[in-house]
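K.L.:
need a 3D model of the sequence below.
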Amino acid sequence: MWNSIAPISSLPKTFRVLLIGDTPEWIVPSPAEVAREAGWADHTILRLKFVPEREMPLVFGAVDVVVMLYREPKASSGILSLCRQYGVPVLATEFGEIGTEVRRCNLGVTVDPVDDDEIRAAIVQLLSGERAAASPAHANRPALSWAESARAHAGLYAAVLGRASHMQGEDCVIAAG
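P.N.:
Residues are numbered from 1 along each chain as shown. Below you'll find the model as predicted:
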C-alpha cells in the first residue's frame, strides 16, 4: 500500500493507514520512510510481516478498505478471497489478475496505480462508504463481538503509542478510521 501514501498526503488525517505484509529489508524506500516523507508517520501503523490466520477476523473486521496497488501486471494475491469473505471493499490495480477479479466479483474499485489523482479519488470514495454500501460483499460483513472489538482497539492504541510489543505478545493488527 505504500505507493498509495503519496496520493493521500494532502487528505485530512481523519483515518489511519495500516501497512501490512512481509516486507524485506531490501525494499527501498522503506514503508516507514514513505509514510514519514508524506507526513503520515503519526497516522500509519506498520506491521511488516504476515498476519496469522487466527487474527484475520480482527484485521478484516476493523479495516474499511484494502488497497492493493501492485505495479506488476502478473501480480496475484490470495487476499482477495479474504476481502470477499469479510466484506471489505478493495482498491486495486486496474490491470492483471487482481484488477480482473475485483471487477468480475464487484469487490471494489480499480485504478491506474501510478495516477495519484485517481488513487486519491478512489480512496475518498471508498472511505465515504458510497461504493462499500453497494457491494454485495459489504452486506455480508460480520460484526465484531464486543470482546473482538476491544482487543482490536487495544492493539491499535498500543501501536499508536508505540507500545505494541508490551501487550502480552499480541501484535497490532488493525487500522481504524
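K.L.:
low-confidence ranges in this structure?
P.N.:
By pLDDT under 70, the weakly predicted segments of the chain are 1-4, 75-76, 130-177.
K.L.:
switch to 80 and redo it
P.N.:
The model of the chain has pLDDT under 80 over residues 1-4, 21-27, 48-50, 71-78, 129-177.
K.L.:
what about the helices in the chain?
P.N.:
5-8, 31-37, 56-62, 79-86, 96-104, 116-127, 130-134, 136-139, 146-160 (DSSP state H).
K.L.:
report all helices and strands that the first one contacts.
P.N.:
Secondary-structure packing of helix 5-8 (3 or more CB pairs under 8 Å, 6 or more residues apart in numbering; DSSP states H and E): helix 31-37, helix 116-127. Where you see a C-beta, it was placed from the backbone N, CA and C, and this is true even at glycine.
K.L.:
buried residues in the shortest one, which are they?
P.N.:
In other words, helix 31-37. Residues Pro31, Val34, Ala35 are the ones in helix 31-37 that count as buried (16 or more other CB atoms under 10 Å).
K.L.:
cool, and the last one?
P.N.:
Of the residues in helix 116-127, those with enough neighbours to count as buried (16+ other CB under 10 Å) are Asp116, Glu118, Ile119, Arg120, Ala122, Ile123, Gln125, Leu126, Leu127.
K.L.:
any chance of CSV for those, columns distance to Pro52?
P.N.:
CSV is the format used below for those (distance: CB to CB, whole Å):
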residue, distance to Pro52
Asp116, 33
Glu118, 34
Ile119, 29
Arg120, 32
Ala122, 29
Ile123, 27
Gln125, 31
Leu126, 26
Leu127, 27
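K.L.:
which one of these is nearest Leu19?
P.N.:
Ranked by distance to Leu19 (CB to CB), these are led by Ile123 at 14.3 Å.
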